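**Student:** my questions are about this predicted structure, shown below with the sequence.
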Amino acid sequence: MRVLQLIDSLHAGGSERVSVNIANALSNEIEFSALCATREEGLLKESILKDVSYLFLDKKRTLDVKSIKKLSVFVKKNKVQIIHAHSTSFFLATLIKLLNKNTIVIWHDHYGNSEFLNKRKHTILKICSKYFSHIFSVNKSLEVWAKQKLKSKSVSFLPNFAASYKQLKVTNLKGVAHKRIVCLANLRSQKDHITLVKAFKEVHTEYSDWTLHCVGKNFNDEYSKLIENEIDILDLKKSVFLYESKLDIYNILSQCEIGILSSKSEGLPLALLEYGLSNLAVIATKVGECENLIENQFNGLIVNSSSAKELAEAIILYIESKELRYTFAKRYNQHIKENYSVKVQIENIIKIYKTYVKYY
């Protein structure tokens with residue numbers, strides 16, 4: 001079987017990490033595994049295994065004839081049977097399908113604003129979807145939406161999975177050991193760092209030796225400035241630290257006790273899976289698949305979104321009980337290993353692939 005993962009960039013976002021994880025995992029399972037970044041390279045390029053064939057298009061616009069030809073030649077030369085297109089790369093995948101009629105297109109929907117699907121623009125997507133043999137949706141809301149709004153006849157829910165291929169040790173976090181909280185999320189408004197910072201102010205008032213570490217791409221836009229201003233206004237510069245995107249995620253998580261997501265909207269966040277593999281006590285908001293992933297008061301804590309009060313109370317509950325942190329983290333780690341492992345999800349993906357490929 002010969003499969004190409006198609007993604008717009010290799011910046012350290014959720015969909016980008018999933019595409020790299022799949023390409024890497026497939027390299028040990030199928031004849032040919034490839035990955036193509038269409039618009040931009042990024043930090044994740046270093047995570048691609050040597051056994052994965054890599055192509056960068058440097059695509060500048062939607063209809064970039066040079067890039068379309070380059071990818072079409074790559075598909076033909078390498079006899080690619082399936083293009084597994086992630087997020088907005090579906091349009092290019094459709095064009096390649098029209099140029100290579102025997103090529104199968106599978107689209108992977110990572111849409112993060114699943115709480116606001118009624119506002120999702122999908123005219124072009126709907127047109128392209130009739131060329132999709134299958135759609136993978138990262139949460140059940142997206143699965144239902146795809147069945148109702150798009151033209152593909154085959155849709156299934158496919159949970160994300162976390163994987164670590166390079167055990168790098170580069171980043172040393174500030175603060176006191178065993179008293180660190182981490183939020184692994186790019187600085188986007190849907191991740192709601194503002195509420196998290198406000199919640200941490202309440203925590204800091206009682207437990208000033210604990211620190212908060214926000215790891216994710218800083219777009220240096222209005223939202224990131226709001227976060228920086230909030231940290232300044234609340235006098236938290238010595239307790240809340242912003243880090244850019246990092247490649248040594250598991251090294252960073254190993255230095256923390258609590259993993260948090262304070263999002264207003266989510267799909268199935270990869271960060272929560274990575275927290276689980278790293279034995280962190282987890283807190284997340286009641287959005288997307290978070291509530292299905294975490295069983296509240298059994299293996300983690302779930303709070304309402306946009307509630308600094310509830311978030312602060314959850315953090316303090318963990319801080320005040322090391323035993324609770326340990327128990328929940330252990331249960332959550334086991335849950336992630338049993339249900340969201342590389343092995344389980346790659347088997348599911350290959351099963352779908354085999355449905356559409358006549359020979360492999």
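**Tutor:** Yep, that arrived.

**Student:** wait, doesn't residue 304 sit right on residue 286?
**Tutor:** Yes: look at residue 304 against residue 286 with Cβ atoms under 8 Å: they come within range, at 5.7 Å. (Glycine included, C-beta is placed from N, CA and C.)

**Student:** in terms of neighbours, single out the busier of those two.
**Tutor:** Under the criterion of other Cβ atoms under 10 Å, the comparison of residue 304 against residue 286 puts residue 286 first, with 17 against 11.

**Student:** in terms of contact, does the more buried one touch residue 303 like I think?
**Tutor:** Yes: the criterion here is Cβ under 8 Å, and residue 286 meets it with residue 303 at 6.9 Å.

**Student:** tell me the residue furthest from the middle of this structure?
**Tutor:** residue 206 (32.9 Å; Cα atoms, centre = their mean).

**Student:** per-residue pLDDT, that one?
**Tutor:** Looking at residue 206, its pLDDT stands at 97.

**Student:** do the same with the one 10 residues further on
**Tutor:** Among the per-residue scores, residue 216 shows a pLDDT of 95.

**Student:** that one: neighbour count?
**Tutor:** 22.

**Student:** list the buried residues of the helix or strand where residue 71 lies.
**Tutor:** In the assignment (DSSP states H and E), residue 71 maps to helix 65-77. Neighbour-count burial for helix 65-77 flags 67, 68, 70, 71, 72, 74, 75 (criterion: 16 or more other Cβ atoms under 10 Å).

**Student:** distance to residue 162 and pLDDT added to these, as JSON lines?
**Tutor:** Formatted as JSON lines, the buried residues of helix 65-77 follow (distance: Cβ to Cβ, whole Å; pLDDT from 0 to 100):
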{"residue": "67", "distance to residue 162": "31", "pLDDT": "97"}
{"residue": "68", "distance to residue 162": "33", "pLDDT": "97"}
{"residue": "70", "distance to residue 162": "32", "pLDDT": "98"}
{"residue": "71", "distance to residue 162": "28", "pLDDT": "98"}
{"residue": "72", "distance to residue 162": "33", "pLDDT": "98"}
{"residue": "74", "distance to residue 162": "29", "pLDDT": "98"}
{"residue": "75", "distance to residue 162": "29", "pLDDT": "98"}
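
**Student:** what's the closest of those to residue 309?
**Tutor:** residue 67 (49.2 Å; Cβ to Cβ).

**Student:** so who does that closest one touch?
**Tutor:** 38, 57, 58, 59, 60, 92 (Cβ atoms under 8 Å, 6 or more residues apart in numbering).

**Student:** can you give the contact residues for the helix or strand containing the first one?
**Tutor:** Read it as residue 38. Element membership for residue 38 (DSSP H and E) is strand 32-40. Strand 32-40 is touched from outside by 1-11, 19-20, 23-24, 26-27, 45, 48, 51-60, 67, 71, 74, 78-80, 89, 92, with contacts defined as Cβ under 8 Å, 6+ apart.

**Student:** now, of the residues you listed, which are buried?
**Tutor:** The neighbour-count test (16+ other Cβ under 10 Å) marks 1-11, 19-20, 23-24, 26-27, 45, 48, 52-53, 55-57, 59, 67, 71, 74, 80, 89, 92 as buried among those.

**Student:** which of those fall in helices?
**Tutor:** 19, 20, 23, 24, 26, 67, 71, 74, 92 (DSSP state H).

**Student:** okay, the second one: pLDDT?
**Tutor:** By that I understand residue 20. Looking at residue 20, its pLDDT stands at 96.

**Student:** state the distance from it to residue 179.
**Tutor:** 32 Å (Cβ to Cβ, to the nearest Å).

**Student:** domain map for the protein?
**Tutor:** 2-161+341-356, 180-339 (automatic domain parsing).

**Student:** present the ones you listed as CSV; the columns should include distance to residue 171.
**Tutor:** Output for the domains of the chain, formatted as CSV (distance: least, Cβ to Cβ, whole Å):
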stretch, distance to residue 171
domain 2-161+341-356, 12
domain 180-339, 5
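
**Student:** and of those, who's closest to residue 169?
**Tutor:** Once those are compared by Cβ to Cβ, domain 180-339 is nearest, at 4.7 Å.

**Student:** endpoints of that closest one, how far apart?
**Tutor:** 27 Å (Cα to Cα, to the nearest Å).

**Student:** beyond the helix holding residue 71, next helix or strand please.
**Tutor:** strand 82-86.

**Student:** what strands line up against that next one, and which way round?
**Tutor:** strand 2-9 (parallel), strand 104-109 (parallel) (DSSP bridges).

**Student:** now mean pLDDT and distance to residue 213 too, for those strands, in a markdown table please.
**Tutor:** Below are the strands paired with strand 82-86 laid out as a markdown table (pLDDT from 0 to 100; distance: least, Cβ to Cβ, whole Å):
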| stretch | mean pLDDT | distance to residue 213 |
| --- | --- | --- |
| strand 2-9 | 98 | 24 |
| strand 104-109 | 98 | 30 |
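
**Student:** reformat those strands as TSV; add distance to residue 184.
**Tutor:** Compiled in TSV, the strands paired with strand 82-86 are given as follows (distance: least, Cβ to Cβ, whole Å):
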stretch	distance to residue 184
strand 2-9	18
strand 104-109	21
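
**Student:** what's the closest of the ones you listed to residue 115?
**Tutor:** With Cβ to Cβ as the criterion, residue 115 lies closest to strand 104-109 of the strands paired with strand 82-86, at 14.8 Å.
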